[in-house]
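> just a sequence and a predicted model for now, questions to come.
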There are 2 protein chains.
Amino acid sequence: MRCDVLAVGTELLLGQIIDSNSAWIGGELAAHGIDSLVQVKVGDNVGRMTTQLQRLLTDADAVIVCGGLGPTHDDLTREAIATVMGVALVEDLALVDVISSMFAARGRTMAANNRRQALVPVGATVIPQTRGTAPGLICPVVVDGAAKVVYAVPGVPHEMKEMVERAILSDLRRRSGTDAVIASRVLRTWGASESGLNERLDGLIAELDEPGVPTLAFLASGWNGLKIRLTAKAATIDECRAQLDTWEARVRDEIDDIVFGTDDETMESVVLDLCRQAGLTLAVAESVTGGLVGARLTDIAGSSDVFRGAVVSYATDVKRELLGVVASQVVSEEAAREMARGVRDRLGADVGLALTGVAGPAGQDGQPAGTLFVGMVGPGFDDVRHVRLPGQREQMRQFSVITALDLLRRHLLAG
Amino acid sequence: MRCDVLAVGTELLLGQIIDSNSAWIGGELAAHGIDSLVQVKVGDNVGRMTTQLQRLLTDADAVIVCGGLGPTHDDLTREAIATVMGVALVEDLALVDVISSMFAARGRTMAANNRRQALVPVGATVIPQTRGTAPGLICPVVVDGAAKVVYAVPGVPHEMKEMVERAILSDLRRRSGTDAVIASRVLRTWGASESGLNERLDGLIAELDEPGVPTLAFLASGWNGLKIRLTAKAATIDECRAQLDTWEARVRDEIDDIVFGTDDETMESVVLDLCRQAGLTLAVAESVTGGLVGARLTDIAGSSDVFRGAVVSYATDVKRELLGVVASQVVSEEAAREMARGVRDRLGADVGLALTGVAGPAGQDGQPAGTLFVGMVGPGFDDVRHVRLPGQREQMRQFSVITALDLLRRHLLAG
């Protein structure tokens, strides 16, 4: 079963709104074992909407049209679907009553153009609206002798999601007649490039086209690391999990040294959890990252039981006065070590993490842009690492955050 | 001239990444007078990529393909374009050298896979890569006797944006053959909602459909504020500028109280510039934002002559010991004032800015999530403001940053 998506709205093409609806729908379809292989954005133009819908229906068994169900002159999804069905639009008087009573309930009278929302293509089934004034539609179509279906849902995300969950997913699964289930697992890595990972997993990747074997994809995710996504398709969720367990183990056999978490775990959450489990508090001294490490750690609710705070020592004399740095060069191994010890002592934490480096564009202390020194001090470790990072200023700073947290994670694991 | 977009990546269809690239491209194309009428997402499947590209080329004069230029087995954009062009892929030895030297510069050796990134369809022009290892491509195609063009850019947003701005927009305008020049100007505002702005500009918006008048668009941009983009189209750049000057003045007449900058100015750069002009240094005390203010300020190269540093006092006793806070409630007007004075004195700065509040989900000190106290102390001002912000944890923290900087900006302007 294949269900593609057509997102309608000129504002989506102009970049004034980012279409997140089709991505959400794609995730829900995958979780229900339904493929969504093409997703299209088109403006509020009935001719182009019709053409795109017809093109999607040549390949897909079903299409979800998202948006264009409002009351105004440029809400044209009903017209486009009726054209594709080859039927007329008729006003559903029961719907008129529902919509007008919705306005009445808010002490308002229905504007005349809201009657447009009661237009239904002949032969279509209405999905009752529970939130907005726009009802959804289930529209049977025949393409080259094959029975297919077009669903229409509003573009307002919470109205769309409620209708997809209530009425569309079940209808699709019934039509698909399949019980296939899809489940994914993400392994999060840091320390190898996409091509490096690809090479280390070459042997496994060769097997991936065989039946009963999950698919594997790499997702470079900036300072969220490089993700490896395994996706399994099977008759039951238990079979999916069994496939994923087997293959997670096989992938880990090859690259476990760089896997820091799975699924929704982040480098920040993993480091916070390791500290929490060991009963350790954490303080951070930041120079090159200017506060990014603290910002990432505190983005996680409940981080306050581990994270005591940070000193952003951007000016050299702040490093000296507040953190007790005496090293002559503030971008150096010695400075990173002194910053880590200084912030640990100054903030009364168990663990001190420090970052000093050069984000660029210009170099500093004879060090080129991309230079990072990471100081780490805690129970059983007192270490400094020198790393060279790629990228422009912003990317270098983001990579500094995940790199420093990963180095600390390794000490916490060893401890 | 019509340029559609094909975004490539199975993760986009599965909802693991939301395609924001095509929206950004659509906005840029519109600002340059180029239509983008259909935007498609397709997975890492060379057959479907080829089909979708061919379909887009039946209607569009040009297509930008975004993503699928990486080094791994599922990066197939080069293959799909070569198929559509009906030519072979050949390895560009000069590109191999460029890519391997990029690895060498980071003290690493190029993985064999990366040679895939040096494959170029016969007849295509390379767009040199300046950030990642993936070069872009300009690929001429003939469709039904018409000369068209396919551009390939990486899916990594900052790599994609840099290539579109450097190489593609100018190439499209040259091909479009139009002499009309397009220029835009962005007014950045903070303090009014989109609908609020709409109401205050009602009178002007009514005139916008007239010839010789710029178009006006609102772009809600999170902690970058609410942007008003004026776009003028005329025979010469001077005529465009004259239109933009006139209309910027007219817009400012209505809402100058909430305009904090134009074009690429950000709230951070404006605050840093105001400090620089007044010869003032700045120190920040952050609690609820955990380092975000420092991170934003230091994202700007050259901020070190103004920004001395920050204390992220997440734990209460860090507020007391390092910043000298004595207020019983740490989320309070008194605490914000004491933090601002404390960090100014502790870091030896001229200006102290402090943020304490509740990001949620839970409340604190009897204050609900969304509460923000901003303390500001400097030459001629010693002030605290209490603000209520909307949104979940992340949005509340981001709005806290721009709101606090805006409050400080107003004191710096007054001083």
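Looks like it came in fine. Numbers count the residues shown, from 1 in each chain, chains lettered A, B, ... in the order given.

> chain B contacts on the stretch 151-300 of chain A?
When proximity is defined by C-beta under 8 Å from any C-beta of the partner chain, the stretch 151-300 of chain A lies next to chain B at A:184, A:186, A:193-196, A:198-199, A:205, A:217-221, A:229, A:231, A:284, A:286, A:289-295, A:297-299. For glycine as for every other residue, the C-beta is placed from the backbone atoms N, C-alpha and C.

> any idea which helix or strand in chain A has the lowest mean pLDDT?
The helix or strand with the lowest mean pLDDT-type score in chain A, counting by mean pLDDT, DSSP states H and E, is strand A:215-220 (a mean of 82).

> what's the following helix or strand past that one packed up against?
Under the assignment DSSP states H and E, the closest C-terminal helix or strand after strand A:215-220 is strand A:226-234. On a contact count with 3 or more C-beta pairs under 8 Å, 6 or more residues apart in numbering or on different chains; DSSP states H and E, strand A:226-234 meets strand A:181-189, helix A:194-200, strand A:215-220, helix A:237-255.

> so what secondary structure elements neighbour the shortest one?
I take that to be strand A:215-220. Where contact means 3+ C-beta pairs under 8 Å, 6+ apart, strand A:215-220 is packed against helix A:194-200, strand A:226-234, helix B:10-13.

> circling back: okay, the helices and strands packed on strand A:226-234 in JSON lines with distance to residue B:246 and mean neighbour count next?
Converted to JSON lines, the helices and strands packed on strand A:226-234 look like this (distance: least, C-beta to C-beta, whole Å; neighbours: other C-beta atoms under 10 Å in any protein chain shown):
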{"stretch": "strand A:181-189", "distance to residue B:246": "53", "mean neighbour count": "21"}
{"stretch": "helix A:194-200", "distance to residue B:246": "50", "mean neighbour count": "20"}
{"stretch": "strand A:215-220", "distance to residue B:246": "46", "mean neighbour count": "20"}
{"stretch": "helix A:237-255", "distance to residue B:246": "61", "mean neighbour count": "16"}
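
> quick one on the thing from earlier: could you give the angle of the least confident helix or strand of chain A to strand A:181-189?
When axes from the mean of the first three to the mean of the last three C-alpha atoms, to 10 degrees is applied, the directions of strand A:215-220 and strand A:181-189 differ by 40 degrees.

> coming back round to it: could the helices and strands packed on strand A:226-234 go into JSON lines alongside distance to residue B:84?
What follows is these, written out as JSON lines (distance: least, C-beta to C-beta, whole Å):
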{"stretch": "strand A:181-189", "distance to residue B:84": "30"}
{"stretch": "helix A:194-200", "distance to residue B:84": "25"}
{"stretch": "strand A:215-220", "distance to residue B:84": "24"}
{"stretch": "helix A:237-255", "distance to residue B:84": "34"}
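
> worst mean pLDDT among the ones you listed?
The stretch with the lowest mean pLDDT among the helices and strands packed on strand A:226-234 is strand A:215-220, which comes in at a mean of 82.

> other residues contacting that strand?
A:186, A:194, A:197-198, A:201, A:204-205, A:208, A:226-231, A:247, A:251, B:10-11, B:16-17, B:44, B:70, B:72, B:74, B:156 (C-beta atoms under 8 Å, 6 or more residues apart in numbering or on different chains).

> can you tell me the SS state at residue A:369?
State at residue A:369, reduced to three classes by DSSP: H, G, I helix; E, B strand; the rest coil: coil.

> does residue A:389 touch residue A:398 like I think?
No - applying C-beta atoms under 8 Å, one finds residue A:389 not in contact with residue A:398, separated by 9.4 Å.

> burial count for the residue nearest to residue A:275 when sequence neighbours are not counted?
Using C-beta to C-beta, 6 or more residues apart in numbering or on different chains and skipping residues adjacent in sequence, the residue nearest residue A:275 is residue A:306, 4.5 Å away. The local packing of residue A:306 (other C-beta atoms under 10 Å in any protein chain shown) involves 25 other residues.

> residue A:167 falls within a helix, correct?
Yes - note on residue A:167: a helix contains this position according to three-state DSSP.

> what sits against the residue nearest to residue A:275?
By C-beta under 8 Å, 6+ apart, residue A:306 lies in contact with A:272, A:275-276, A:280-282.

> quick one: the strands in the stretch 201-350 of chain A?
All strands of the stretch 201-350 of chain A, identified by DSSP state E, counting those that start in this stretch, fall at A:215-220, A:226-234, A:259-262, A:282-286, A:307-313.

> distance to residue B:409 for these - can I get that in CSV?
Formatted as CSV, the entries for the strands of the stretch 201-350 of chain A read as follows, by distance: least, C-beta to C-beta, whole Å:
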stretch, distance to residue B:409
strand A:215-220, 37
strand A:226-234, 39
strand A:259-262, 40
strand A:282-286, 24
strand A:307-313, 20
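
> which one of the ones you listed lies nearest to residue A:2?
Among these, strand A:226-234 comes nearest to residue A:2, with 13.4 Å by C-beta to C-beta.

> the closest one: partners in the sheet, and parallel or antiparallel?
Neighbouring strands of strand A:226-234 in its sheet, by DSSP bridges, are strand A:181-189 (antiparallel), strand A:215-220 (antiparallel).

> how about those in CSV, adding distance to residue A:130?
As requested, these are exported to CSV (distance: least, C-beta to C-beta, whole Å):
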stretch, distance to residue A:130
strand A:181-189, 27
strand A:215-220, 35
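
> so which bits of the stretch 1-150 of chain A are right by chain B?
Within the stretch 1-150 of chain A, the residues that sit near chain B (C-beta under 8 Å from any C-beta) are A:12-20, A:22-28, A:30, A:36-43, A:45, A:48, A:52, A:55.

> before we move on, back to that, just the pLDDT for the residue nearest to residue A:275.
Model confidence at residue A:306 (pLDDT) stands at 98.

> and for residue A:49?
Residue A:49 carries a pLDDT score of 97 in this model.

> that one contacts residue A:77, doesn't it?
Yes - counting by C-beta under 8 Å, residue A:49 sits close enough to residue A:77 to count as a contact (6.9 Å).

> overlap in contacts of those two?
In the contact map built from C-beta under 8 Å, 6+ apart, the residues linked to both residue A:49 and residue A:77 are A:8, A:65, A:68.

> nearest to residue B:134, of those residues?
Distances from residue B:134 to those, taken as C-beta to C-beta, are shortest for residue A:8 (32.2 Å).

> out of the residues of the stretch 1-150 of chain A next to chain B, which are buried?
By the neighbour-count criterion of 16 or more other C-beta atoms under 10 Å in any protein chain shown, the residues of the stretch 1-150 of chain A next to chain B include these buried positions: A:12-19, A:22-28, A:30, A:36-43, A:45, A:48, A:52, A:55.

> so what are the structural domains in chain A, by residue number?
Per automatic domain parsing, the domain ranges recorded for chain A read A:3-176, A:181-262, A:267-414.

> pick out the shakiest of the ones you listed, pLDDT-wise.
Taking each of the domains of chain A in turn, the lowest mean pLDDT turns up on domain A:181-262, with a mean of 89.

> from residue A:185, how far out is residue A:257?
19 Å (C-beta to C-beta, to the nearest Å).

> please disregard the earlier target; I meant residue A:340.
35 Å.

> for chain A, which helix is longest?
For chain A, the longest helix by residue count, based on DSSP state H, is helix A:393-414.

> pull out the buried residues from it.
Those buried within helix A:393-414 under the rule 16+ other C-beta under 10 Å are A:393, A:395-412.

> remind me what that helix packs against, helices and strands.
Contact here means 3+ C-beta pairs under 8 Å, 6+ apart; on that basis helix A:393-414 packs against helix A:267-278, helix A:292-298, strand A:351-357, strand A:371-378, strand A:381-388.

> chain center to the longest one, what's the gap?
Centroid displacement of helix A:267-278 relative to its chain, using C-alpha atoms, centre = their mean, to the nearest Å, is 22 Å.

> what sits up against it?
A:188, A:190, A:223-225, A:260-261, A:281-282, A:296-297, A:299-300, A:303, A:305-307, A:350-351, A:379, A:402, A:405-406, A:408-409, A:412-413, A:415.

> all the strands of the stretch 1-150 of chain A, residue numbers only.
For the stretch 1-150 of chain A, strands defined by DSSP E, counting those that start in this stretch occupy the ranges A:3-8, A:38-42, A:62-66, A:89-91, A:119-121, A:125-127, A:136-143, A:146-153.
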